[in-house]
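# model this:
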Amino acid sequence: MVALSVVAKALRPRCLLAWLLCLGAVHGAGPESDVPFIVVLGIAQDAGYPQAACAKACCADAWADPNRRRHAASLALVDPQSGRRWLFDATPDFKMQLRTLDRVAPPKSAPDLAGIFLTHGHIGHYSGLLHLGREVMGGRKVPVFAMPRMVRFLSGNGPWDQLVRLKDIVLQPLADGQKVELTENLSVTPFMVPHRDEYTETVGYFIEGPNRAALFIPDIDKWEKWETPIERWLAKVDVAYLDATFFAEGEIPGRNMNEIPHPFIVESMDRFAKLSPEQRGKVRFIHLNHTNPAIRPDGDARRQIERRGFAVAEERERRSL
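This is a model prediction of the structure:
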């Protein structure tokens, strides 16, 4: 095996961190560890990157080079001791993300999903449930954790109601702020956030392990619309995967971006600028639209983010809990 020091010299500093994260070298999350960990399965907005029918410059490199493509935002939670695995959101890239998870944390019995936690009813966050139907995997009572409106939406609309009737999935109702105990030292707590809730409510998740905690908020309108200061949550966790759909105003020409509110990355960086380097270093931006220049690892936007003490999440990065 090539020595770590040799590889490190060959990599640019910002690429080295992503490489170490993928190896599980950060926070001691080695492959033989019994400590629960999170692995990032996707960092893009609902439609992935590149996006369907996009022939613009923003997607050209990703169409030409498969290595630049990114899946829709999703996390997996793995408990090595029990072999149990949970997904956060079921995206349109479900099959590829499950394949990645199988490689990172092989199941003891396929597909061995202990559950799926849904954030809300926009297509990039629940439509992957279709793969649990009889036309594909034929799920075996896979627990799907969802808030009340999301439960009603899945139970009362096709084709999702068929998954429920055939017991491919078993809906597990959540409540705002109510902790779900997964193991003796692993828990998940949903909390409501403001978003465009046409069909369902929207939640983020506080994921707590034996040693560390993580935050997952892939979608929210604007930080100031939330009655809970995001800084309060940052103080509670060791890593925070936060909505970074758009980089700045005017990113989508001819479109009123007030109709699709999200915290712009530049807004989040300005808001968090007063925080300590340690607090800023917890932020891992996720859920990037195909128009977002920060989705390109070698672009000026990414360098600006890193100079200010933040980072963009990388697919397959691991964080031990």
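# how about the strands in the stretch 51-200 of the chain?
Chain-ordered strands for the stretch 51-200 of the chain, with DSSP state E, counting those that start in this stretch as the definition, fall at 74-79, 84-88, 115-117, 142-146, 169-173, 180-183, 186-192.
# next, the angle from the last one to strand 84-88.
The reference is to strand 186-192. Relative orientation of strand 186-192 and strand 84-88, computed by axes from the mean of the first three to the mean of the last three Cα atoms, to 10 degrees: 20 degrees.
# the residue nearest the centre of the chain bridge partners, please.
With distances taken as Cα atoms, centre = their mean, the chain has S74 as the residue nearest its mean C-alpha position (3.4 Å). Beta bridges link S74 to G42 when assigned by DSSP bridges.
# and it, how far is that from S276?
Using Cβ to Cβ, to the nearest Å, one gets 30 Å for the distance from S74 to S276. All C-beta spots, glycine's among them, are computed from the backbone N, C-alpha and C.
# cool, and S268?
In this structure, S268 and S276 are separated by 16 Å, where distance is defined by Cβ to Cβ.
# before we move on, what about H122?
Computed as Cβ to Cβ, the H122 to S276 distance reads 34 Å.
# these two: which is more packed in?
Counted by other Cβ atoms under 10 Å, H122 and S276 do not tie: H122 has more neighbours, with 20 against 9.
# surely the more buried one meets Q45?
No - contact criterion Cβ atoms under 8 Å: H122 and Q45 do not qualify, at 9.7 Å.
# for stretch 314-321, C-alpha coordinates in PDB please.
Taking C-alpha atoms only, stretch 314-321 is exported to PDB below (Å, rounded to 0.1, in the frame of the first residue of the first chain):
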ATOM      1  CA  GLU A 314     -18.200  14.900   0.100                       C
ATOM      2  CA  GLU A 315     -19.900  11.700  -0.900                       C
ATOM      3  CA  ARG A 316     -18.700   8.700   1.100                       C
ATOM      4  CA  GLU A 317     -17.300  10.900   3.800                       C
ATOM      5  CA  ARG A 318     -17.700   9.300   7.200                       C
ATOM      6  CA  ARG A 319     -18.200  10.800  10.700                       C
ATOM      7  CA  SER A 320     -18.000   8.600  13.800                       C
ATOM      8  CA  LEU A 321     -20.600   9.200  16.500                       C
END
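# mind checking the pLDDT average for that stretch?
Average pLDDT, stretch 314-321: 98.
# touching, M257 and E251? I think so.
Yes - the pair M257 / E251 is scored as a contact, 7.2 Å apart, by Cβ under 8 Å.
# output the below-cut-off pLDDT ranges for this structure.
Confidence mapping of the chain against pLDDT under 70 gives the ranges 1-32, 109-110.
# 80 instead, please
Low-confidence segments of the chain, defined by pLDDT under 80, are located at 1-33, 108-111, 253-259.
# for it, what spans make up the helices?
According to DSSP state H, the chain carries its helices in the segments 4-10, 13-23, 57-64, 94-104, 123-126, 148-156, 160-165, 230-234, 265-272, 277-280, 300-307.
# buried sites along stretch 256-265?
Across stretch 256-265, burial judged by 16 or more other Cβ atoms under 10 Å covers 261-265.
# nearest to R152, of those residues?
P261 (24.8 Å; Cβ to Cβ).
# so what's that closest one up against?
Remark: with contacts taken as Cβ atoms under 8 Å, 6 or more residues apart in numbering, P261 is in contact with 196, 221-222, 225.
# try 10 Å
Taking Cβ atoms under 10 Å, 6 or more residues apart in numbering as the definition of contact, the neighbours of P261 are 194-196, 220-222, 225, 245-246.
# select only the buried ones of these in PyMOL?
Per 16+ other Cβ under 10 Å, the buried members of the contacts of P261 correspond to this PyMOL selection:
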select buried, resi 194+195+220+221+245+246
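# the contacts of P261 into CSV, with extra columns for distance to M150?
Conversion of the contacts of P261 to CSV gives the following (distance: Cβ to Cβ, whole Å):
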residue, distance to M150
P194, 16
H195, 12
R196, 14
I220, 16
D221, 18
K222, 22
K225, 20
T245, 20
F246, 25
